[in-house]
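1. Structure here, sequence nowhere to be found:
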């Protein structure tokens, strides 16, 4: 099978664990598998919010592979044409709806770019922090 897209490949087990830990209150049941589904749903939703949507199939299969520490060519990897995949897909979509309801569909994201540029200019002694977004002459 082809390698996963770069953005999906960049997902690590630490990302999944971190997302799961911070989203525990969203879970009906506090099982590790339920937390995993919520984390996958958040990753899938984040890809849509950032306007770089990934197919649920890619996100789900890559997360399954990472969770079970499988190699891409392992026969135990989740296959899209199986009933296991269909159940996992339905569960992730259900979790995505729960996450959206919990955050009241507020998907506004403030990126740190302006603040980072301002900090870099201060460190370099490059002048006014308010002009961080404007190009230098």
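-> Arrived safely. The structure displayed is predicted, hence computed values, not measured ones.

2. Mind listing what's buried along stretch 113-127?
-> 117, 118, 121 (16 or more other CB atoms under 10 Å). Every residue, glycine included, has its C-beta placed from N, CA and C.

3. Provide the secondary structure category for the last one.
-> Just to be clear, that refers to residue 121. helix (DSSP: H, G, I helix; E, B strand; the rest coil).

4. confidence score at it?
-> What the model reports for residue 121 is a pLDDT of 89.

5. How about the second one?
-> At residue 118, the pLDDT value in this model is 88.

6. how many other residues sit next to the residue lying closest to residue 67 once chain neighbours are set aside?
-> Nearest non-adjacent residue to residue 67, counting by CB to CB, 6 or more residues apart in numbering: residue 36, 6.2 Å away. Neighbours of residue 36 under the rule other CB atoms under 10 Å: 21.

7. just residue 77 next, same as before
-> Residue 77: 15 surrounding residues under other CB under 10 Å.

8. And for residue 68?
-> If we define neighbours as other CB under 10 Å, then residue 68 has 11 of them.

9. tell me which element the nearest residue to it once chain neighbours are set aside falls in.
-> Distance criterion CB to CB, 6+ apart; nearest residue to residue 68, sequence neighbours excluded, is residue 76 at 6.8 Å. Under the criterion DSSP states H and E, no helix or strand holds residue 76.
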